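>>> please work out how this folds:
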Amino acid sequence: MSIERCGSITAAAQELGATQPAVSQWLAEIESALGVTLFVRGRQIRPTPFLAPVVRHARRMLADSHELRSELQAVADGAVGNVRVGVMLAAAVQVVPQMIVQLQSASVGPHLQVVEDIAAGLWARFERHELDLIVGRLDERAFGVGLRQESLFNDVHAVVVRMGHPLTRKRNVGWQQASEFPWVLPPSDTALRRAIDSSFLDNAMVPPRSWLESASTTVTEEVLRLTDSIGVLSGGAAQRGRARRVLAVLPLHLTSNVGPIGMVWNERESGPALEMVLQALRNAAHAMVQP
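Down below sits the predicted model:
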């Protein structure tokens with residue numbers, strides 16, 4: 001990994017605090033064990049096609065070794081184990097904080113590491129074995145080979161504007177009136193964008209052109225607050241914005257939604273710590289939907 005990153009054996013030796021002959025010998029031993037050549041030596045070292053898959057697996061091995069050290073420390077500190085949770089905002093608003101409170105009140109529980117990001121970022125981390133669990137909106141990626149998924153609750157998206165927006169003063173608001181304002185839309189390759197476009201088409205209207213494309217809920221909320229633009233946020237994010245008296249929800253409803261909030265994990269990675277987190281999430285979701 002160091003040679004691939006630095007581009008030369010000499011630079012890798014400097015990064016590793018070793019001699020160039022030692023690094024050359026280590027590389028030769030790795031290639032011998034794998035039975036393939038990873039770099040072509042010459043005036044400049046060049047990677048072979050075998051390098052990419054080896055480095056990909058090496059990154060996973062390194063991530064696993066770091067996680068093992070972290071989990072051993074967690075157990076030594078009295079925890080059941082270590083669980084790395086990736087969270088989308090729709091889950092971060094309600095269910096995940098309730099899960100954390102529930103686990104922290106237990107006499108013995110897991111050590112938690114929580115990362116919030118958009119779906120693309122969380123899935124990239126999950127594929128690099130940097131996360132044990134994703135909590136967020138379920139899409140087709142949740143049904144991959146070797147994965148387990150479980151729905152927790154439905155979270156319906158809301159069409160939102162700033163408090164005091166001209167449309168909030170109208171008695172009847174339809175898609176036609178909404179189309180007259182600029183829209184902050186999610187990226188065109190997302191399920192939510194397709195659902196928004198479908199809602200306009202189902203109402204015999206051309207989908208709006210995006211004044212701004214944003215995958216960031218924080219950026220979207222702030223732009224909506226400062227302008228007369230219209231956006232679509234998860235129900236949890238919209239509720240939070242309304243409670244802070246920053247956003248208002250328009251009486252418009254998408255004709256299709258993009259999946260429930262749920263959890264995804266690798267079926268081979270289950271253990272006592274992860275099972276405690278999964279059950280706490282089930283409990284928190286159950287409490288949310290009670291009347």
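
>>> where does this structure have low pLDDT?
78-80, 289-291 (pLDDT under 70).

>>> pretty sure residue 263 sits in a helix.
No. The assignment for residue 263 is strand, going by DSSP: H, G, I helix; E, B strand; the rest coil, so no helix is present there.

>>> that one against residue 131, yeah?
No. Contact criterion CB atoms under 8 Å: residue 263 and residue 131 do not qualify, at 11.4 Å. Where C-beta positions appear, they are placed from N, C-alpha and C, glycine not excepted.

>>> element containing the residue nearest the centre of the chain, please.
In the chain, the residue lying closest to the centroid (CA atoms, centre = their mean) is residue 122, at 2.7 Å. Taking DSSP states H and E as the criterion, residue 122 maps to helix 119-127.

>>> quick one, strands of this protein?
Per DSSP state E, the chain carries strands over the ranges 39-40, 46-47, 82-87, 111-116, 133-137, 147-153, 158-162, 183-185, 210-213, 230-233, 247-249, 261-266.

>>> show me how far the fifth one is from its chain's centre.
Right, the one you point to is strand 133-137. Distance of strand 133-137 from its chain centroid, counting by CA atoms, centre = their mean, to the nearest Å, is 7 Å.

>>> contact partners of it?
Contact with strand 133-137 is made by 83-88, 90-91, 95-96, 119, 122-123, 126, 142, 152, 155, 234, 258-265, 274, 277-278, 281, as judged by CB atoms under 8 Å, 6 or more residues apart in numbering.

>>> now it and strand 147-153, what's the angle there?
40 degrees (axes from the mean of the first three to the mean of the last three CA atoms, to 10 degrees).

>>> and the helices in the chain, which stretches?
Secondary structure of the chain, counting by DSSP state H: helices at 2-6, 9-16, 20-34, 51-76, 89-92, 95-104, 119-127, 175-178, 191-202, 217-226, 235-243, 272-289.

>>> deepest in the core, which of these is it.
Mean neighbours per residue, mean count of other CB atoms under 10 Å, is largest over the helices of the chain for helix 89-92, with a mean of 24.

>>> give me the residues contacting that helix.
With CB under 8 Å, 6+ apart as the test, helix 89-92 has contacts from 116, 135-137, 152, 155, 217, 234-237, 261.

>>> from the chain's centre, how far out does that helix sit?
Distance, stretch centre to chain centre, for helix 89-92: 10 Å (CA atoms, centre = their mean).
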